[in-house]
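Asks: what follows is a predicted protein model with its sequence.
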Amino acid sequence: MDMAYNPIIAVQSSAFLMTLNRKGLIRHYAHALWYTAALVLSMYHMHVAYNSWCWVFWAKCCLVFVARVKLGLSKYLIWVIAVATSLPETQEMAKEVASRVNEETKLGLSIFVIMALICRYMMQTTSKGDGFDNSYDNMKV
């Protein structure tokens, strides 16, 4: 199922809510609440649409985050890899490989361990404490 336009409701509602905020009709936290609700609804729809292969989508999201933010890979390389792994032929091959695995619990446990390690790696921070490059903070103006 194509999910390309799924988060559009969050983007469009954010623009509308920011207009209401600018005109003083709502406060900034109301915008944050409704925008978060729209994103959560979008994520729930993706979860329902992907059924049993939902973990593949979220694993791809985590891997893309780690590749771009932590490893500093080129966004163009990441896009090529994402497109290649999202092709129907590649997904069918992955389904065949997964169906050949006899013990699904071992597969599920290994996926859980891999995702936990990725999340732990993402949560680690640098020695400065925030995980970002603060080299511009000490520059003289």
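Replies: Noted; the coordinates are in hand.

Asks: buried residues in the strand or helix carrying Met18?
Replies: Taking DSSP states H and E as the definition, Met18 sits inside helix 8-22. By neighbour count, with 16 or more other Cβ atoms under 10 Å as the criterion, the buried positions of helix 8-22 are 10, 13-14, 17, 21. Backbone N, C-alpha and C define where each C-beta goes, glycine included.

Asks: repeat for stretch 23-33
Replies: Going by neighbour count (16+ other Cβ under 10 Å), the buried part of stretch 23-33 is 26, 31.

Asks: quick one on the thing from earlier: C-terminal to the helix holding Met18, what's the next element?
Replies: Next helix or strand after helix 8-22 toward the C-terminus (DSSP H and E): helix 28-50.

Asks: what angle separates the very next helix or strand once past that following helix from helix 28-50?
Replies: Downstream of helix 28-50, the next assigned helix or strand under DSSP H and E is helix 54-65. Computed with axes from the mean of the first three to the mean of the last three Cα atoms, to 10 degrees, the direction of helix 54-65 lies at 130 degrees from that of helix 28-50.

Asks: for Leu63, see how far away the residue nearest to Ser13 when sequence neighbours are not counted is.
Replies: Using Cβ to Cβ, 6 or more residues apart in numbering and skipping the chain neighbours, the partner closest in space to Ser13 is Ala38 (5.0 Å). Counting by Cβ to Cβ, to the nearest Å, the gap from Ala38 to Leu63 is 25 Å.

Asks: same question, Asn6
Replies: Per Cβ to Cβ, Asn6 is found 20 Å from Leu63.

Asks: the more surrounded of the two?
Replies: Leu63 (18 against 15; other Cβ atoms under 10 Å).

Asks: where in the protein is pLDDT low?
Replies: 1-2, 52-54, 97-98, 100-113, 115-141 (pLDDT under 70).

Asks: go with 80
Replies: For the chain, the stretches flagged by pLDDT under 80 are 1-4, 7, 43, 46-58, 85-88, 90-141.

Asks: got a list of what the residue nearest to Ser13 touches?
Replies: Going by Cβ atoms under 8 Å, 6 or more residues apart in numbering, Ala38 touches 9-10, 13-14.

Asks: likewise Ala10?
Replies: With Cβ under 8 Å, 6+ apart as the criterion, the residues that contact Ala10 are 35, 38-39, 41-42.
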